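1. Everything below, folded, please.
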Amino acid sequence: MSVTTPAPALPSAPSSPDDGRPTVVQPEGWPRPLGYANGMKATGEILVTGGVVGWDTEGRFPPDFLGQVRQTLANIRDIVRAGGAETHHIVRLTWYVTDLDAYRACLKELGPVYREIIGRHFPAMAVVQVCGLVEPQAMVEIEATAVIPVRT
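-> This is a model prediction of the structure:
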């Protein structure tokens, strides 16, 4: 049986009327996750994307997994901004990948790409392997949920 030490206090983004950023929800005593949050709490208007894939404005996909992740995250950023939010308002990302081994193989490179596009904001996330996506060339599809703060 392994022993897990209690998680240190999290430096959560404050959630206040002035700031409006989502707050990380971390159950007491749980180990702190790396690169995602166990839960997020926010107040405001909900923005939900559909499944977003890594094609450019002309419908072309990068040939590699990391390239598709980069373009997918950029597409999510653009949708979120078009909806009046910023990437730090994202409270959930659900990743659908056709090859979990490809995802795992590029984790070291994925972190810097994620931070370049989304920033140092790590919402609740799940990664699910699927047998295929609607777009045959797609290797990854991501759904995002953001909460736009109420402006008073």
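
2. Could you pull out the helices in the chain for me?
-> Along the chain, the segments classed as helices by DSSP state H run 65-82, 100-105, 107-117.

3. So which of those is nearest Trp30?
-> helix 107-117 (21.6 Å; Cβ to Cβ). Where C-beta positions appear, they are placed from N, C-alpha and C, glycine not excepted.

4. pLDDT (mean, whole number) over that closest one?
-> Per-residue pLDDT over helix 107-117 has a mean of 97.

5. when you give positions from now on, start the count at 27
-> All set: I'll call the first residue 27, so the last point we hit is now helix 133-143.

6. Could you list every helix and strand that that helix packs against?
-> Judged by 3 or more Cβ pairs under 8 Å, 6 or more residues apart in numbering; DSSP states H and E, helix 133-143 is in contact with helix 91-108.

7. tell me what the helix it packs on is packed against?
-> Helix 91-108 packs on strand 78-79, strand 116-123, helix 126-131, helix 133-143, strand 166-174, going by 3+ Cβ pairs under 8 Å, 6+ apart.
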